[in-house]
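In: Build me a structure from this.
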Amino acid sequence: MVNNASTGIYASGFTGYNYLSDYWLQNASFLRMDNVGVGYTFGKFNNKHLGGLRITANCQNVFVVTKYTGIDPEVYSGIDNNTYPRPRTFTLGINLGLK
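Out: Sure, this is the predicted structure:
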């Protein structure tokens, strides 16, 4: 049995192991924003112990625009089974300088 098969396998009328057929080919064109980051430096404080303050925020795997119905249109092997979806990751950073 094919692992991670689409429910369209029942509509195909295939019997046996025909999952390598071109019946399953799709247009996998996509637009992806993979990384975005923003930062701001507040500058120096009027304190004898504290320097500058910088805050940053980053996001990985921001969005994917596609009509592809599989998990990820950027599959290297060409077969989209047994793959794990890429997670969306957020990172927040604070940098406080000391004198």
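
In: quick one: least confident helix or strand in the chain?
Out: Of all helical and strand segments in the chain, the minimum by mean pLDDT, DSSP states H and E falls on helix 9-12, at a mean of 63.

In: which SS state does Tyr23 fall under?
Out: Three-state assignment for Tyr23 (DSSP: H, G, I helix; E, B strand; the rest coil): helix.

In: Measure how buried it is and give me the count.
Out: When neighbours are counted by other C-beta atoms under 10 Å, Tyr23 registers 12. Just so you know, the C-beta spots here come from the backbone N, C-alpha and C atoms, and that holds for glycine as well.

In: What separation do you get for it and Asn82?
Out: Separation of Tyr23 from Asn82 (C-beta to C-beta, to the nearest Å): 20 Å.

In: for Gly43, same thing?
Out: Here Gly43 is placed at a distance of 51 Å from Asn82 (C-beta to C-beta).

In: State the helix or strand in which the residue of the chain positioned farthest from its centre lies.
Out: In the chain, the greatest distance from the average C-alpha position (C-alpha atoms, centre = their mean) is reached by Lys48, at 43.8 Å. For Lys48, there is no helix or strand it lies in under DSSP states H and E.

In: got it, and Gly39?
Out: strand 30-44.

In: Kindly provide the whole-number mean pLDDT of that strand.
Out: Across strand 30-44, the average pLDDT comes to 93.

In: Just after that strand, pick out the following helix or strand.
Out: In N-to-C order, the element after strand 30-44 by DSSP H and E is strand 50-66.

In: Not counting that following strand itself, show me its contacts.
Out: Residues outside strand 50-66 that contact it (C-beta atoms under 8 Å, 6 or more residues apart in numbering): 28-45, 72-73, 86-99.

In: Show me what secondary structure element comes after it.
Out: Later in the chain than strand 50-66, the nearest helix or strand by DSSP H and E is strand 89-98.

In: ok, back up a step: gap between the residue farthest from the centre of the chain and Gly97?
Out: Plainly put, Lys48 is 13 Å away from Gly97 if you go by C-beta to C-beta.

In: Same question for Tyr40.
Out: 14 Å.

In: before we move on, what about Asp72?
Out: Relative to Gly97, Asp72 is positioned 41 Å away (criterion: C-beta to C-beta).
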